[in-house]
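Chemist: got a sequence here, can you model it:
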Amino acid sequence: MYTKNMSISSIQTKVVGTTFNGRQCVVAQLEVGEEVYLVRELTNAFDSNAIKVVRQNGMQVGYLSRELAATLATRLDAYGDPLKAFVTTLTGGYFVGSSLGVMIRFKLPE
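Modeler: Next comes the predicted model:
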């Protein structure tokens, strides 16, 4: 689920898919306040609206949810560049075997 404040066009959302393809190691390196980027993944075979979340070094953290990506894909396509976001919260990892999670915030492009 995501929250949207219409007055400032800011969205805070959970990053999904953080437990696949070794991404837990990437999430473990994140810090609150770190700058990450939203990048359209036009070649995604499972979701034509896919928007991935990557660190500055290009390592993938995960994705925006399918529902949010469907809402934002055309806007990001029109924007044409990766969209800057910030890590707001790191979750999980409280006990052995638990997964780590990430919340991010970003402003929508004009």
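Chemist: for this structure, which segments count as strands?
Modeler: Along the chain, counting by DSSP state E, strands occupy 2-5, 10-14, 35-40, 51-55, 60-63, 83-92, 100-107.
Chemist: looking at the ones you listed, which is closest to Cys25?
Modeler: strand 100-107 (9.5 Å; CB to CB). C-beta coordinates here come from the backbone N, C-alpha and C atoms, glycine included.
Chemist: list the buried residues of the closest one.
Modeler: The neighbour-count check on strand 100-107 (16 or more other CB atoms under 10 Å) flags 100-104, 106 as buried.
Chemist: hey, what's Lys107 bridged with?
Modeler: Beta-bridge partners recorded for Lys107 (DSSP bridges): Ser10.
Chemist: pLDDT at it, what is it?
Modeler: Listed pLDDT for Lys107 reads 95.
Chemist: so how far is Leu83 from it?
Modeler: With distances taken as CB to CB, to the nearest Å, Lys107 is found 8 Å from Leu83.
Chemist: same question, Arg55
Modeler: Taking CB to CB, one finds Arg55 at 14 Å from Leu83.
Chemist: circling back to that earlier point, most tightly packed of the strands of the chain?
Modeler: strand 60-63 (a mean of 22; mean count of other CB atoms under 10 Å).
Chemist: chain center to that strand, what's the gap?
Modeler: Per CA atoms, centre = their mean, to the nearest Å, the displacement of strand 60-63 from the mean C-alpha position of its chain is 6 Å.
Chemist: stretch 72-92 now?
Modeler: That offset, for stretch 72-92, works out to 6 Å (CA atoms, centre = their mean).
Chemist: use 334 as the first number from now on
Modeler: All right, first residue 334 from here; so that's stretch 405-425.
Chemist: end to end on that stretch, go ahead and measure it.
Modeler: Using CA to CA, to the nearest Å, one end of stretch 405-425 lies 27 Å from the other.
Chemist: since that was my last question, I'll sign off now.
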